[in-house]
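# Got a predicted structure plus its sequence, pasted below:
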Amino acid sequence: AQLEADCIEELRQSAFEVDAQQQRVQELEARLDAEEHSAASAQHSSAQLIVLSRDLAELRTHIAEIRSAEEALSTQLVVSQRRGEETEQKALSVARELVDASNGISWLRVEVASQREMQQELQEVQRR
């Protein structure tokens, strides 16, 4: 009977230890799952970081290209404005020359008209 009681006590302790061990296994499995999830998240985060880094590098390259294009356009604009100013100055110069020529022609017309009048007067005087 004592042997039976000792066996029952050992079975209870063993059952208690098994329960404790099972609980410990469950805790360790939960931690392992959490660690695996964390590792998967870290890998996912690492993959996201790689993608974001690549995207950032592409954006920086694109920004550099845009800045380069902007500088080229700015240079073209300055050159175009300078040419526009030069063209405007030439146009003003031609306009001044045209005004001068027009004034000269007007003066010559007045002179021709005056000469005609004087010729007519001279012819009238000579006829008399």
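The structure has been received and is ready for your questions. Numbering: from 1, shown residues only.
# okay, and for this structure, where does confidence drop off?
1, 3 (pLDDT under 70).
# Which parts of it are helices?
2-127 (DSSP state H).
# How much space separates Val18 from Ala30?
Using CB to CB, to the nearest Å, we find Val18 at a distance of 18 Å from Ala30. For glycine as for every other residue, the C-beta is placed from the backbone atoms N, C-alpha and C.
# From the chain's centroid, how far away is stretch 20-28?
Averaging C-alpha positions (CA atoms, centre = their mean, to the nearest Å) puts stretch 20-28 58 Å from its chain's average.
# could you dump it to CSV, C-alpha only?
The C-alpha coordinates for stretch 20-28 follow below in CSV (Å, rounded to 0.1, in the frame of the first residue of the first chain):
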residue,chain,number,x,y,z
ALA,A,20,4.9,22.6,-16.0
GLN,A,21,7.1,21.4,-18.8
GLN,A,22,4.1,21.6,-21.2
GLN,A,23,3.4,25.1,-20.0
ARG,A,24,7.1,26.0,-20.5
VAL,A,25,7.0,24.4,-24.0
GLN,A,26,4.0,26.5,-24.8
GLU,A,27,5.7,29.7,-23.5
LEU,A,28,8.8,28.9,-25.5
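# buried ones in that stretch?
By 16 or more other CB atoms under 10 Å, stretch 20-28 has no buried positions at all.
# Ok, stretch 104-119 next?
Under 16+ other CB under 10 Å, stretch 104-119 has no buried positions.
# So what's the gap between that stretch and the chain middle?
Worked out by CA atoms, centre = their mean, stretch 104-119 lies 68 Å from the chain centre.
# And for stretch 92-111?
Using CA atoms, centre = their mean, the offset of stretch 92-111 from its chain centre is 54 Å.
# CA atoms of it as CSV?
Listed next in CSV are the C-alpha coordinates belonging to stretch 92-111 (Å, rounded to 0.1, in the frame of the first residue of the first chain):
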residue,chain,number,x,y,z
LEU,A,92,15.0,100.4,-83.3
SER,A,93,18.1,101.3,-85.4
VAL,A,94,16.4,100.3,-88.6
ALA,A,95,13.3,102.3,-87.5
ARG,A,96,15.5,105.4,-86.8
GLU,A,97,17.2,105.0,-90.3
LEU,A,98,13.7,104.7,-91.9
VAL,A,99,12.6,107.9,-90.0
ASP,A,100,15.7,109.7,-91.1
ALA,A,101,15.3,108.5,-94.7
SER,A,102,11.6,109.5,-94.6
ASN,A,103,12.5,112.9,-93.3
GLY,A,104,15.1,113.2,-96.1
ILE,A,105,12.6,112.2,-98.7
SER,A,106,10.1,114.7,-97.3
TRP,A,107,12.7,117.5,-97.4
LEU,A,108,13.6,116.5,-101.0
ARG,A,109,9.9,116.6,-102.0
VAL,A,110,9.6,120.1,-100.5
GLU,A,111,12.7,121.2,-102.3
